[in-house]
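S.K.: Any chance you could fold what I've pasted below:
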Amino acid sequence: MVPVGSGTLTYVKSITFDCVDALVVARFWAAVLGGELDQEATSDKAYVRAPGWGGPDLWFQKVPEPQVAKNRMHFDLRAPGGDVPAEVARLSALGATVVTPGELTVMADPEGNVFCVES
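M.R.: Next up, the predicted model:
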């Protein structure tokens, strides 16, 4: 890769989700990723601290407007041990739904934000 920029790096602190109910979506993603849900989380705002993998934290905020189109950015999750069917079953039990099954399975969280599960 060729470095681009001034040499000063910026990092992603958090990824923000707009939600109808921030607490529902935050609880889902905390369970999926093993993150820690902030004790002061409400349906208006919630924060999930990234687990040991060191990724960015997740912020969830209530907004008045509904989602009207497919999200332009999404997570690609790696199934533990490459077992996509087992991970899809686990995520379904947590409240996700299957959008498109397959070796690369497209799913949606409780508010319809899509993500992929792959081996």
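S.K.: Point to the residue nearest the middle of this protein.
M.R.: Among the residues of the chain, the one closest to the centroid is residue 29, at 5.3 Å (CA atoms, centre = their mean).
S.K.: dump the residue contacts of that one.
M.R.: Each residue near residue 29 by CB atoms under 8 Å, 6 or more residues apart in numbering is listed here: 17, 35, 48, 58, 60, 109. C-beta here means a position set from N, CA and C on the backbone, and glycine is covered the same way.
S.K.: all helices for the protein, in order.
M.R.: 22-33, 84-94 (DSSP state H).
S.K.: Report pLDDT for the residue nearest to the centre of the chain.
M.R.: Model confidence at residue 29, expressed as pLDDT, equals 96.
S.K.: among the contacts of residue 29, who's most crowded?
M.R.: residue 60 (31 neighbours; other CB atoms under 10 Å).
S.K.: didn't that residue look like it was pressed against residue 15?
M.R.: No - Residue 60 is beyond contact range of residue 15, at 9.7 Å (criterion: CB atoms under 8 Å).
S.K.: still on that earlier bit, hmm, which two among the contacts of residue 29 are most spread apart?
M.R.: Across those, the longest distance by CB to CB is 13.7 Å; it joins 35 and 109.
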